[in-house]
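J.: this one's structure only:
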């Protein structure tokens, strides 16, 4: 059986924006094994795509540990090359689908567009190869486990980089306002963000039982899938809210929601006070100035409009 190898060795949000492309490849190759080279931590979510047969644990721009006969097709959903191109070439794949760019101008494929929404980007690569792909095909299958806090409003103050991290005090003001409006608020974060989550909860007057930082990915997916509302910055958790069509308010700073924002849906609200596509540094060490222009009142108003009191 021919295998189709997909390289997408990045984080949670990257994984979720690739779902439409995974599904398009699954539909185009019904008799093939679809193998996703991605971080092992994402394994609980791969069955929920309905498209991936196997996850091959791989780190960012690390050699793909492929064994056995070469894949029939390898698709670079990682970058514009040449570093990621070399990784799929090393598998010996008979077909290799990649983007061309100034750094990789000798490849056969469409040309990379810097200012393009991430879901659209990968669907365009497949359409160039005559595979229909719908960027709106983002929804995940519901997780097969109950939510740890059914119907809760999720406030997620963390982000991988400080430039996308709104101040904890402002998240606390929003959490306090939502609790006063009748929402059962829980505060989430990664294992290394427990201190941040506890601080936001304490400032909002929430008990320690409302801190759900450090959940494993399957539990986090179940929490979001059953959430009333999700409030976060531009991070992976926001994309989980998009993947489960849960009402959301997402705060953007250094990067436009035109590149990483939700699908067009009234349930998803974005707040951004910037211009251009990438006016700031998405990996910066301090909160982006556009993010700091966002005030707690406008976030709270957007949240209450998106998920009115029951």
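T.: Noted; the coordinates are in hand. If you're wondering where the values come from, they're calculated on a predicted model, not measured in any experiment.

J.: helix, strand, or coil at residue 115?
T.: Classification of residue 115 using DSSP: H, G, I helix; E, B strand; the rest coil returns coil.

J.: what pLDDT does the nearest residue to it once chain neighbours are set aside get?
T.: Nearest non-adjacent residue to residue 115, counting by C-beta to C-beta, 6 or more residues apart in numbering: residue 277, 4.2 Å away. Heads up, the C-betas are built off the backbone N, CA and C, glycines and all. Residue 277 carries a pLDDT value of 93.

J.: for residue 277, grab phi and psi.
T.: Main-chain torsions, residue 277, degrees, to the nearest 10: phi -90, psi -50.

J.: contacting residues around it?
T.: Residues in contact with residue 277 (C-beta atoms under 8 Å, 6 or more residues apart in numbering) are 114, 115, 255, 256, 258, 259.

J.: now swap in residue 142 and tell me
T.: Counting by C-beta under 8 Å, 6+ apart, residue 142 has contacts 48, 225, 244.

J.: Throw those into CSV and include pLDDT and secondary structure, thanks.
T.: As requested, the contacts of residue 142 are arranged in CSV below (pLDDT from 0 to 100; DSSP: H, G, I helix; E, B strand; the rest coil):
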residue, pLDDT, secondary structure
48, 97, helix
225, 98, helix
244, 98, coil
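
J.: how about those in JSON lines, adding neighbour count and distance to residue 238?
T.: Output for the contacts of residue 142, formatted as JSON lines (neighbours: other C-beta atoms under 10 Å; distance: C-beta to C-beta, whole Å):
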{"residue": "48", "neighbour count": "21", "distance to residue 238": "17"}
{"residue": "225", "neighbour count": "22", "distance to residue 238": "14"}
{"residue": "244", "neighbour count": "23", "distance to residue 238": "11"}
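
J.: quick check, nearest of those to residue 55?
T.: residue 48 (11.8 Å; C-beta to C-beta).

J.: go ahead and confirm that closest one touches residue 140.
T.: Yes. Between residue 48 and residue 140 there is a contact at 4.3 Å, judged by C-beta atoms under 8 Å.

J.: anything in contact with each of these two?
T.: With C-beta under 8 Å, 6+ apart as the test, residue 48 and residue 140 both reach residue 221.

J.: show me what contacts residue 287?
T.: By C-beta under 8 Å, 6+ apart, the neighbours of residue 287 are 162, 163, 165, 166, 167, 253.

J.: how many neighbours does the nearest residue to residue 72 once chain neighbours are set aside have?
T.: Once flanking residues are discounted, residue 72 sits nearest to residue 2: 3.3 Å by C-beta to C-beta, 6+ apart. By the criterion of other C-beta atoms under 10 Å, residue 2 has 14 neighbours.

J.: residue 2 contacts residue 32, correct?
T.: Yes. Applying C-beta under 8 Å as the test, residue 2 and residue 32 come out as touching, 4.9 Å apart.

J.: and for these two, which residues touch both?
T.: 72, 73.

J.: list the buried residues in stretch 48-64.
T.: Within stretch 48-64, the residues that count as buried by 16 or more other C-beta atoms under 10 Å are 48, 49, 51, 52, 55, 56, 57, 58, 64.
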